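Q: Take a look and give me a structure for this.
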Amino acid sequence: MPPVEATPRLRLDKWLWHARVTRTRTLAAKLVAEGHVRVNGVRTDQPAKPVKAGDVLTIALERTVRVYRVRELGDRRGPASEAQALYEDLSPEPPPHHPPAGRGLVPAGQDDED
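A: Alright, predicted model coming up:
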């Protein structure tokens, strides 16, 4: 029987750092340890959790939630263009930002007094 090849995997914190989700690997580990990351819909607090190509990561950042499908693991933390090749962005479109309606404001050129 031929040997079974293991699927390549990488630590979750290391992948987040390679993909430039965080500035440092320490911050990536903290993000995971605090429970802000889900792997395939399951919350994890283990920075060493292995991820592989095809996994879907849901990452709760400060002001947004990002959803990435892992394409590649990466060998290093390279430039942004290299990092973007590591994932497919599945994040939902942010809701449109509508400024609050002005109260008592009259559009320019329109007076109430005639």
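Q: what sits against Ala28?
A: Residues counted as contacts of Ala28 (Cβ atoms under 8 Å, 6 or more residues apart in numbering) are Leu12, Asp13, Lys14, Leu16, Trp17, Val21, Thr22, Pro47. Just so you know, the C-beta spots here come from the backbone N, C-alpha and C atoms, and that holds for glycine as well.
Q: Tell me which stretches of this structure form helices.
A: For the chain, applying DSSP state H gives helices covering 12-18, 25-33, 80-84.
Q: Redo those as TSV? Include mean pLDDT and distance to Ala6.
A: Output for the helices of the chain, formatted as TSV (pLDDT from 0 to 100; distance: least, Cβ to Cβ, whole Å):
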stretch	mean pLDDT	distance to Ala6
helix 12-18	97	17
helix 25-33	97	23
helix 80-84	95	25
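Q: Can you say which of the ones you listed is nearest to Asp55?
A: helix 12-18 (9.0 Å; Cβ to Cβ).
Q: circling back to that earlier point, if you compare the helices of the chain, which one is most tucked away?
A: helix 12-18 (a mean of 23; mean count of other Cβ atoms under 10 Å).
Q: what's the distance between that one and the middle of its chain?
A: 11 Å (Cα atoms, centre = their mean, to the nearest Å).
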